[in-house]
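Student: Pasting the sequence and the predicted coordinates here, then a few questions.
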Amino acid sequence: MLYFGENSLLYYAVVLAIAAVLIGFLGFGGIAGAFSEIARILFFVFILLFVLSLIAHLVRGGGSIVK
């Protein structure tokens, strides 16, 4: 299993996505929709921050990413 860390954005995105599926299965569509939107936003924020940190690493001359 992948370990994201308890305080990472990706961890919260995965938790909210799973909660949205479970709540939607139980018939609470409005809450499930809100959870899925929050999870989607957190996922895209995570991707954006990852790409920005990757670019910053390459611009600073950090060398190879994979050793």
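Tutor: Looks like it arrived, so ask away.
Student: which SS class is the residue of the chain positioned farthest from its centre?
Tutor: Checked against the mean C-alpha position of the chain, the extreme residue using Cα atoms, centre = their mean is Gly61, at a distance of 27.0 Å. Secondary structure state of Gly61, per DSSP: H, G, I helix; E, B strand; the rest coil, is coil.
Student: which residues touch it?
Tutor: With contacts taken as Cβ atoms under 8 Å, 6 or more residues apart in numbering, Gly61 has no neighbouring residues. C-beta here means a position set from N, CA and C on the backbone, and glycine is covered the same way.
Student: any weak-confidence spans in this protein?
Tutor: Along the chain, the model assigns pLDDT under 70 to residues 1-7, 62-67.
Student: Distance check, the residue farthest from the centre of the chain against Val21.
Tutor: Using Cβ to Cβ, to the nearest Å, we find Gly61 at a distance of 43 Å from Val21.
Student: quick one: which helix or strand includes Gly27?
Tutor: When elements are assigned from DSSP states H and E, Gly27 belongs to no helix and no strand.
Student: before we move on, what about the one 10 residues further on?
Tutor: Glu37 is part of helix 29-59 when elements are defined by DSSP H and E.
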